[in-house]
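Undergrad: no letters, just coordinates:
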């Protein structure tokens, strides 16, 4: 008799890893790619293919990455003279920029550029509204942009770690 579970397991594992690789590319765009990877691994844990403790460690790591993103953007923005309101303008502007960039026919490039430009624009708009000073506005917006770029890089690195550990856990079970 043919055991279909044994035959399909490598296919499902490969599919899960490919989904996680695709999710890695969502992270720099501001989408929850790390959390989608963890959802895949949670399914793997539920069916007994991933140890629960591995999933728990990766969830903590992803949570720390979220906190780090927030702190990096806030600190960098403030170092360049952005106010608390300008920081929130950068966050909202970045989110809107990603959504506006989605329809651009260059995969990943449109949302990435939209997110960066939106971050810059959101911080600039709020800072200009607060100060009416061009140099201060440019400096604060640049700080928010730099913070977002560093935060995206840090979160992508954590996403890569989740991918490597998760794929290894799936392959070794």
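TA: Thanks, I have the structure now. What you are looking at is a predicted structure, and each value in this text was computed from that prediction instead of being measured.

Undergrad: contacts, neighbours, all on C-alpha from now
TA: Will do.

Undergrad: mind listing what the closest residue to residue 25 other than its chain neighbours touches?
TA: Closest residue to residue 25 apart from its sequence neighbours, by Cα to Cα, 6 or more residues apart in numbering: residue 33 at 7.3 Å. By Cα atoms under 8 Å, 6 or more residues apart in numbering, the residues touching residue 33 are 23-27, 159.

Undergrad: try it again with 7 Å
TA: 23-24, 26-27 (Cα atoms under 7 Å, 6 or more residues apart in numbering).

Undergrad: which of those residues are buried?
TA: Buried by 16 or more other Cα atoms under 10 Å: 23-24, 26-27, out of the contacts of residue 33.

Undergrad: as JSON lines, those with pLDDT, secondary structure and distance to residue 147 would be great.
TA: JSON lines is the format used below for those (pLDDT from 0 to 100; DSSP: H, G, I helix; E, B strand; the rest coil; distance: Cα to Cα, whole Å):
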{"residue": "23", "pLDDT": "96", "secondary structure": "helix", "distance to residue 147": "22"}
{"residue": "24", "pLDDT": "95", "secondary structure": "helix", "distance to residue 147": "20"}
{"residue": "26", "pLDDT": "89", "secondary structure": "coil", "distance to residue 147": "18"}
{"residue": "27", "pLDDT": "91", "secondary structure": "helix", "distance to residue 147": "15"}
